[in-house]
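S.K.: here's my sequence, what's the structure:
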Amino acid sequence: WKRLRSYAERDGKYLRSNINTIQADEIYIHRGKVKFGVRVPRNTREAFQLDEDNGNKLWAKAIEVEINKMKEYQVFQVLPRGAAPPEGYSRIPLHFVYDVKHDGTLATPSQISLHFVYDV
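M.R.: Residues are numbered from 1 along each chain as shown. Predicted structure coming up:
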């Protein structure tokens, strides 16, 4: 208990800052992240749900732009579901990170999980 005495004797700022941090985390978990007045989705399903709720297709269009860029640069070879990759290649998981730029445009940069790639 001796080491806890210093926490009890503080003026309460330490405890208040921890409570504020916990409350901020709870707000983010339950309400989601809002940036520049726009709700930022955590995953693709939530992005499409936000589009449906708002009556627009802004996130869907941002996803489509990113996918079209990858197709244009021939980044991936898309295989049918369940198909094995060609010899010498491996499957790479891909996910999108959603964000809002400072000028209000929606961004969906793709992230490739390269830590899953290994020699076959």
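
S.K.: so where is the chain shaky, pLDDT-wise?
M.R.: 1-16, 18-32, 110-120 (pLDDT under 70).

S.K.: which parts of it are helices?
M.R.: Under the criterion DSSP state H, helices of the chain are mapped to 2-9, 13-31, 44-54, 58-72.

S.K.: so what secondary structure elements neighbour the third one?
M.R.: Other helices and strands packing on helix 44-54, by 3 or more CB pairs under 8 Å, 6 or more residues apart in numbering; DSSP states H and E, are helix 58-72. Every C-beta, even on glycine, is put in place using the N, C-alpha and C of the backbone.

S.K.: in the helix it packs on, what counts as buried?
M.R.: Residues Trp59, Ala60, Ala62, Ile63, Ile67 are the ones in helix 58-72 that count as buried (16 or more other CB atoms under 10 Å).

S.K.: reformat those as TSV; add distance to Lys33.
M.R.: Formatted as TSV, these follow (distance: CB to CB, whole Å):
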residue	distance to Lys33
Trp59	14
Ala60	19
Ala62	16
Ile63	17
Ile67	23
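
S.K.: list just the nearest of those to Lys101.
M.R.: For those, the closest approach to Lys101 (CB to CB) belongs to Ala62, at 10.4 Å.

S.K.: residues contacting that closest one?
M.R.: Leu106, Ala107, Thr108 (CB atoms under 8 Å, 6 or more residues apart in numbering).

S.K.: what do you get if the cut-off is 10 Å, keeping everything else the same?
M.R.: Contact analysis of Ala62 by CB atoms under 10 Å, 6 or more residues apart in numbering lists Ala47, Asp51, Phe96, Tyr98, Asp99, Val100, Thr105, Leu106, Ala107, Thr108, Pro109.
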